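Trainee: model the structure of this input:
(chains A and B)
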Amino acid sequence: MTSRAERKAKRAKFWERNRACGGYLLRKKIANFFVKFCMAVLLFGMCFMIVQPLLQKISISLMEEQDLYNTTVISIPEHFTTYNYEVAYKFIGYKQGLIETVAVCLSASILQVAICTLVGYGFARFEFPLKKFWFACVILVIIVPPQTISTSLHLHFRYFDIFGIIKAITGNTLNLKGSMLPYYMLSATCMGLKNGLYIFLIRQFFRTIPKELEEAAYVDGAGTMRTFFRIMLPDSKPILTSCFLFSFVWQWTDSFYTRLFLGNVHMLGLQLNAIADRLMAYLVDKSSEMTNVATSGFINCIVSTATLMVIAPVLILYLFAQRGFVESLSSSGIKM
Amino acid sequence: MAKAKEKIRRPKYEGLQKKKAVAGYLFILPFIIGFLGFMVKPLIQSFYMSICKVVVDSTGFTFNPNGIQNYYNAFRLDIEFSRFLTESLSNMVINTISVMVFSLFVAILLNQKFKGRAFVRAIFFLPVILSSGVILGVETNNALLGDMADMIKENSTDFSITDTVKVLIQTLGIGTRIFDKVFEIVDKVYDIAIASGIQIIIFLSGLQTISSSMYEAASIEGCTAWESFWKITFPMISSLFLVNWIYTIVDFCMHTDNQVMNKIQTELVKNLDYGFSSAMAWIYFIIIIAFIGISSFIISKVVYYYD
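Mentor: Below is the predicted model of the structure:
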């Protein structure tokens, strides 16, 4: 009872104040509401636009083939099935793929981020001759499309040699094609997927840490390495997590480097690329009378399901580590 | 006189500074090795290939230098390359500008305080992890699924809103060519949203650095939100335009559905014409570098650095 009276009094006061300022208060309130409404609509629309393909895939993955041809079925399947998942599981060799992909991505991203941290720290905190030149080279690494050098990289590792030393000892160049060594070599020397970007980000982050911290450590008798590991590293956790997560996820979904260097590893991404053709061949083999049109729906189901299964681990990681992905980057206010 | 001056001036790197310089070089050593071994060397090699006729046979590769023949072929003989090049360049410009506008807009929206902001942010940054490599490639690379998508497109008779508006405007007879471009961008809004994840993050991080006291002061002076956007927000994050501009262009160049890149890959994989494909890659690369260089020079003249 009292609350109603209170509200009434509040409303009366509002109108009074509104009259006193010539309708400004009301106009402002309406404008605010209007802005908020527009924002909500816009945000909802854009969010829906981004998520829609994913939702579509989920609903297709639960459908039987006949639902795809049924025009009354749009997103909720009429014949509910998990058969697609079983088929996709078998055709991409999911279990083995998952283990190997995690192993490769994890090791490579740890290596990449560790090396990039060292390099980024070197660029951020030391003065040495030609520093500007080398940093320009980092920018060059960011902007050179890896496709430009893919052929020669391929040849480079096919006939691998370090200044002719190996040839002098064994009489022949090493063939590193098909092994995973080239990939780790690239990772260890900052030439992996988007590593220039990590160097850049880490350098920008280190530059925001006050120099006095380091100088204090130095005065107290800590050497360069000790300062780096004890003072700088603990402070840079957020950016390192961000870079690590990006590195991990981008390698997971990468097709260029994996196809070039990891053809022999059971990477999920590569399996996904091949699944449609493999399934097609299998179906044609099994029953020759199946026409192209009849199977395309089924293949669509399976490919959607397989895509979902491949990105599921990444999605789950993203859901849990969402803060680590973007909040540290977007809220730390790194100066680019 | 000059000699005397030199004598007085101490060498730049001495004592502690020298030690620091050596340490600095040790820190960036991995990068230098990688850069020389896996970037400069392949670049030189691919340049050498581009001025050669590369013959592949059972014994391996043989390089026969033939001057600028490959470059000549790319422009004068090949029917597709010049067209692809101009198309992809014009697409790149339009795409980059729309990504910049979109990401700035979204960054400003996401910087506001509202309920469920963390959730909305999570959705907007989803493309960052999903837009690369295979996942986009699965649908575009697969011939069968492509056929099916075309079939669906042909069979579906319902109009989208953009189509209807387009028809309306066209019957009214207002400048159709400009509207065609606008509608092209509107139709591609999904691609633009997908491509602008990192850019949104970069803009957001810039927006965070602007202190709110600036806006308060402006609003006390009677500045409207629109004015404070152009007078405060825009100059304060203008330095990020450069970063985003370069990043977007690079991202576009490496995209899987880039026509020029596809052409280079097919030439390489199907026809095994290493020389020709390297020549095309070099043409593309040089044009992109030149474009980035010129445009960033212009942008860097315009942007404002706060500190």
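Trainee: for A:Asp235, give me its contacts.
Mentor: A:Ile209, A:Leu213 (CB atoms under 8 Å, 6 or more residues apart in numbering or on different chains). In short, each C-beta sits where N, CA and C put it, glycine included.
Trainee: the same query, at a cut-off of 10 Å, please.
Mentor: A:Phe205, A:Phe206, A:Thr208, A:Ile209, A:Pro210, A:Leu213 (CB atoms under 10 Å, 6 or more residues apart in numbering or on different chains).
Trainee: name the helix or strand for B:Ile202, please.
Mentor: If you go by DSSP states H and E, B:Ile202 is part of helix B:197-209.
Trainee: pLDDT averaged over that helix - what is it?
Mentor: With pLDDT averaged residue by residue, helix B:197-209 scores 85.
Trainee: give me the buried entries from the contacts of A:Asp235.
Mentor: For those, a burial check counting by 16 or more other CB atoms under 10 Å in any protein chain shown picks out A:Phe205, A:Phe206.
Trainee: among the contacts of A:Asp235, which are in helices?
Mentor: Assigned to helices by DSSP state H, the following of the contacts of A:Asp235 qualify: A:Phe205, A:Phe206, A:Thr208, A:Leu213.
Trainee: what packs against the helix or strand harbouring B:Val165?
Mentor: When secondary structure is defined using DSSP H and E, the element that contains B:Val165 is helix B:161-172. Counting contacts by 3 or more CB pairs under 10 Å, 6 or more residues apart in numbering or on different chains; DSSP states H and E, helix B:161-172 packs against helix B:176-187.
Trainee: and the helix it packs on, what does it pack onto?
Mentor: Judged by 3+ CB pairs under 10 Å, 6+ apart, helix B:176-187 is in contact with helix B:81-111, helix B:161-172, helix B:189-195.
Trainee: so for it, what gets flagged as buried?
Mentor: Buried positions in helix B:176-187, judged by neighbour count with 16+ other CB under 10 Å: B:Phe183, B:Ile185.
Trainee: angle of it against helix B:81-111?
Mentor: 60 degrees (axes from the mean of the first three to the mean of the last three CA atoms, to 10 degrees).
Trainee: what residues does helix B:176-187 touch?
Mentor: With contacts defined as CB under 10 Å, 6+ apart, helix B:176-187 is touched by B:90-91, B:94-95, B:97-98, B:101-102, B:160-163, B:165-166, B:169-170, B:191-192.
Trainee: and if we set it to 6 Å?
Mentor: B:Ser98, B:Thr162, B:Lys166, B:Ile169, B:Gln170 (CB atoms under 6 Å, 6 or more residues apart in numbering or on different chains).
Trainee: turn the residues you listed into a markdown table, including distance to A:Ile58, neighbour count and pLDDT.
Mentor: Formatted as a markdown table, the entries for these read as follows, by distance: CB to CB, whole Å; neighbours: other CB atoms under 10 Å in any protein chain shown; pLDDT from 0 to 100:
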| residue | distance to A:Ile58 | neighbour count | pLDDT |
| --- | --- | --- | --- |
| B:Ser98 | 29 | 20 | 90 |
| B:Thr162 | 26 | 14 | 68 |
| B:Lys166 | 32 | 19 | 72 |
| B:Ile169 | 37 | 16 | 74 |
| B:Gln170 | 38 | 13 | 73 |
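Trainee: before we move on, the earlier item: does chain A have contacts with the helix holding B:Ile202?
Mentor: Yes. Against chain A, helix B:197-209 shows contacts by CB under 6 Å from any CB of the partner chain at B:Ile201, B:Ile202, B:Leu204, B:Ser205, B:Gln208, B:Thr209.
Trainee: which among those residues end up buried?
Mentor: Neighbour counting over the residues of helix B:197-209 next to chain A (16+ other CB under 10 Å) leaves B:Ile201, B:Ile202, B:Leu204, B:Ser205 as the buried ones.
Trainee: what's the neighbour count on residue 243?
Mentor: I went with chain A, as the question did not name one. Counted with other CB atoms under 10 Å in any protein chain shown, the burial measure for A:Cys243 works out to 27 neighbours.
Trainee: to clarify, I was referring to chain B.
Mentor: For B:Val243, the tally of surrounding residues (other CB under 10 Å) stands at 20.
Trainee: what helix or strand is B:Lys53 on?
Mentor: Element membership for B:Lys53, per DSSP H and E: strand B:52-57.
Trainee: after that strand, next one along is what?
Mentor: Next along the chain after strand B:52-57, with elements defined by DSSP H and E, is strand B:60-65.
Trainee: give the buried residues for the helix or strand just after that following strand.
Mentor: Once the chain leaves strand B:60-65, the next helix or strand it forms, by DSSP H and E, is helix B:69-72. By neighbour count, and taking 16+ other CB under 10 Å as the criterion, the buried residues in helix B:69-72 are B:Gln69, B:Asn70, B:Tyr71.
Trainee: now the host helix or strand of B:Glu216: mean pLDDT?
Mentor: When elements are assigned from DSSP H and E, B:Glu216 belongs to helix B:212-220. In this model, helix B:212-220 has an average pLDDT of 90.
Trainee: what of stretch B:63-72?
Mentor: Per-residue confidence for stretch B:63-72 averages out to 81 on the pLDDT scale.
Trainee: next, see if it gets close to chain A.
Mentor: No. Taking CB under 6 Å from any CB as the criterion, stretch B:63-72 and chain A are apart, separated by no less than 11.0 Å.
Trainee: hmm, who's touching that stretch?
Mentor: Residues outside stretch B:63-72 that contact it (CB under 6 Å, 6+ apart): B:Ser50, B:Cys52, B:Lys53, B:Val54, B:Gly275, B:Phe276, B:Ala279.
Trainee: using TSV, please lay out those residues together with pLDDT.
Mentor: Output for the contacts of stretch B:63-72, formatted as TSV (pLDDT from 0 to 100):
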residue	pLDDT
B:Ser50	84
B:Cys52	83
B:Lys53	81
B:Val54	78
B:Gly275	82
B:Phe276	84
B:Ala279	86
